[in-house]
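> no sequence on hand, only this structure:
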Ligand code: GDP
Ligand code: IMO
Ligand code: MG
C-alpha cells in the first residue's frame, strides 16, 4: 500500500482538485478525508468542466475507486444532487466506483440553519463561513451526538435519530437565536427518501481499508481547504471546524504514518482567500483585479461554493514554510503560474515585521497576523504567455527563477507548475 496526500498550503482554492486529478492517473483510490461541501474543486477533464463538492475527483478516472472517508461531513441531499450532475456530465457514478464510509457524519438542515444563525449572531465578527452547516456538524461530531451516515441503511434508525436531533436543534434555534423552527416531519420524510439511494454506497471502512492494504492498492488523498483554514494551525477563529492538514488524512482513513509515501502541498503562485480574517499580503485596487480576474473565465478568483469574489494578494513564503513544517511536505505543486505572466515585477513576501521588528515565522497567536507587515523581495516578471509551455527549459528565465526562488526559500522541491486550467497544461520538474 502507498498513500500520497495532497493538501492546500494557503487559505484553500489552491488548485488541489486539479492537481489531484493529474496525480489520479497513477492511483487506485482517490479519497476525500476532511471538510464537507464547503469545498469546491473545479477541474477540467476531457469531458469538460467538473465542479466537485463532496465527490472525489477520482470519479473522472475510469480505473479509480472514489472513497469518502469517515472524517468528511456529508450532506446527503447535496451528495445525491452532485452525483446526479456528474452522471449528466457523462461520468459513471455507482457503488462500484464510489464508496462512502458508514462512519462519516451527516450534515442536516438543522446544522445549516444553526450556521446561519450563528454567523448572524457574530455580527461584525462573522467568520464568513460557506453557510453549509459545516461548523455545527463538526460540533455535534465532537460532542458525540452527531448522526453517522450509516444510519441511512435503516429507515427506523433514521427516523428515530433524526427526529430527536431536530427536536433538540429546534429548541436551540428558537431559544438561543430566536430563529424559526424547522419542519421535522418533512425533513424526516426527505431523509427517508435518501435512505435507499445512499445505502448501496456505504461501506464498513475497516473492511474497506483492510482490503486496500491486503491488495497493496494505492491511495491518493484529496485534501480540502488549506493550511491556514486548519482548526488548530490556521488563523483561528477564521478557519473551518476541523483539521485540514496531512495528519488528518491518516486519522480519517485509519492508517498510520508509515503508509505515507509523500505529501504534496498545493500552492497558488499568488495567494487567495474567501471569508473574513487576516491576510498579510492582501492587495486591493487594480493589482487585485489583475490577479482575481473579472469572473469571465472559469479560473477567475470567484468561489465555486458560494460565488463570492476571492480576496487576493502576493505569494507569502512565511505561510508556505509553515505549511511545509506542519504538513511534512515532500513536494510543492505551484498552480496558476500563467496568471503572473505580463507583470513587470512580482513581489513575494519573505518575512514579517511587527512594529518594525522582523519576527520568526508565522506567529502562533493567529490574530497577531493582523499586525504582520510583509517584507517583500521583488522578483522580475516575464512578458511572454506561458500557457503553451510544457518543459522547464521552455519557460522564460524569470519564470524559472520564480520557481527556483520558492524552492530555495521553502527548501521544498517543486514537482510541477501548472500554466493553465487544462489537464495537459503542466510543467513537470520532477516525475510525478
Ligand atoms: P481547489 O479548491 O484547491 O481545488 O481550487 P479551486 O478549484 O477552488 O480553484 C482553483 C481554480 O483555478 C479553478 O478554477 C481551476 O480551474 C483554476 N486553475 C487551476 N490551475 C490553474 C492554472 O494553472 N492556471 C489557471 N489559469 N487556472 C488554473
Ligand atoms: P476548498 O476545498 C476556500 C473557508 C470559508 C470561511 C471558513 C469557514 O475549495 O479549498 P466553513 O463553511 O468551513 O465553516 O467556513 O473557511 N472555507 C474555504 N475557503 N476554499 C475552501 O475549500 C473552503 N472551505 C471553507 O470561506 O472563511
Ligand atoms: Mg475550492
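Structure received. On a predicted model such as this, the values are computed, not experimentally measured, just so you know. Ligands and ions are numbered 1, 2, ... in the order given.

> rest of the way, CA atoms for contacts and neighbours
Will do.

> what parts of this structure come near ligand 2?
Within the chain, the residues that sit near ligand 2 (Cα under 6 Å from any ligand atom) are 11-13, 38-41, 127-132, 134-135, 224-225, 229, 238-240, 274-276.

> show me the residues you listed that map onto strands.
Within the residues of the chain next to ligand 2, residues falling in strands by DSSP state E are residue 41.

> next step: the residues of the chain next to ligand 2 restricted to helices.
For those, membership in helices holds for 134, 135, with DSSP state H as the criterion.

> and ligand 3, which of the residues of the chain next to ligand 2 contact it?
13, 40, 41 (Cα under 5 Å from the ion).

> and the second one, how far from residue 46?
Here residue 40 is placed at a distance of 19 Å from residue 46 (Cα to Cα, to the nearest Å).

> spell out the residue ranges of the helices in the stretch 1-150 of the chain.
16-23, 76-88, 109-122, 134-142 (DSSP state H, counting those that start in this stretch).

> any idea which helix or strand comes after the last one?
What it means is helix 134-142. Elements were assigned by DSSP states H and E; along the chain past helix 134-142, the next helix or strand is helix 155-177.

> what's the helix or strand following that next one packed up against?
Counting by DSSP H and E, the element after helix 155-177 in chain order, helix or strand, is helix 184-198. Using 3 or more Cα pairs under 8 Å, 6 or more residues apart in numbering; DSSP states H and E as the contact criterion, the neighbours of helix 184-198 among helices and strands are helix 76-88, helix 155-177.

> let me see the ranges of the strands in the stretch 251-400 of the chain.
For the stretch 251-400 of the chain, strands defined by DSSP state E, counting those that start in this stretch occupy the ranges 260-268, 271-273, 311-313, 331-335, 345-354, 357-358, 373-380.

> nearest to residue 118, of the ones you listed?
strand 271-273 (21.1 Å; Cα to Cα).

> what's the first-to-last distance across stretch 173-185?
Using Cα to Cα, one end of stretch 173-185 lies 17 Å from the other.

> average pLDDT across it?
Throughout stretch 173-185, pLDDT has a mean value of 98.

> check stretch 297-310 too.
86.

> and it, what's buried?
Applying a neighbour-count criterion of 16 or more other Cα atoms under 10 Å, one finds 299, 300, 301, 302, 303, 304, 305, 309, 310 buried in stretch 297-310.

> give me the subset of these lying in helices.
Members of these lying in helices (criterion: DSSP H): none.

> keep only those residues that also lie close to ligand 1.
Filtering the buried residues of stretch 297-310 for proximity to ligand 1 (criterion: Cα under 6 Å from any ligand atom) leaves 299, 304.
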